[in-house]
Each structure stands twice: as C-alpha cells, then as structure tokens.
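> here is my input; please provide its structure:
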Amino acid sequence: MAGRQRATFQKRQKELKRMERQKEKAEKRAARKAEKARSREPGSLEPDENLELEPLDETSDETF
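Next comes the predicted model:
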C-alpha cells in the first residue's frame, strides 16, 4: 500500500507543476497581448531602434 500512496503523491505534484506552468504561460501571453495593444495606441509611438535614417541633402534641387 505504501507504493500506491507514493504514486498518488507524485501524480499530484506533477499536476500542480503542470498547472503552474500553464498559469505562467497564460500570464506571458497576456503580457504580450497588452504590449501589442499599447504599441498600437496612436499616442504611444516609440522610435524604432533598428530604423536608420539618412540625413537630408539640403543641396538637392528636387521639388515635390
């Protein structure tokens, strides 16, 4: 009988660990979703760090 209780205890621990991982993943998904929503708001434009802008050539004679 002792071995039987051990298996039950191990199953319970495994289930608790699985539920904890599931909760952590849900929290991460919610955080990513919130971050996406924040970046789509019109007033929250942040400069793109990877965007490289070329300086304007003011000697150019092109008119638009």
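
> low-confidence ranges, the chain, go.
Low-confidence segments of the chain (pLDDT under 70): 1-3, 42-53, 55-64.

> now with 80?
For the chain, applying pLDDT under 80 flags the ranges 1-4, 41-64.

> what's the helix or strand for Ala31?
Per DSSP states H and E: Ala31 is located in helix 2-40.

> actually Glu54, not the one I wrote
Short version, using DSSP H and E: Glu54 is in no helix or strand.

> how many neighbours does it have?
5 (other C-beta atoms under 10 Å). Yep, even glycine has a C-beta here, placed from its N, CA and C like the rest.

> please report the distance of it from Glu41.
Distance of Glu54 to Glu41, computed by C-beta to C-beta, to the nearest Å: 28 Å.

> kindly report the same for Arg18.
Using C-beta to C-beta, Arg18 is found at 36 Å from Glu41.

> could you do Phe9 as well?
Phe9 is 49 Å from Glu41, by C-beta to C-beta.

> do the same with Gln13
43 Å.

> what does Arg12 give?
For Arg12 relative to Glu41 (C-beta to C-beta), the value is 44 Å.

> ok, Thr8 next?
Counting by C-beta to C-beta, the gap from Thr8 to Glu41 is 50 Å.

> go on, Ala31?
On the measure of C-beta to C-beta, Ala31 and Glu41 end up 16 Å apart.

> check Arg32 too.
16 Å.

> equivalent analysis for Gln5, please.
When distance is defined by C-beta to C-beta, Gln5 is 55 Å away from Glu41.

> just Leu16 next, same as before
Going from Leu16 to Glu41 by C-beta to C-beta gives 38 Å.

> got it, and Gln10?
48 Å.

> and what of Lys25?
25 Å.

> residues contacting Met9?
For the record, residue 9 is Phe, not Met. Counting by C-beta atoms under 8 Å, 6 or more residues apart in numbering, Phe9 touches no other residue.

> thanks again, I'm all set now.
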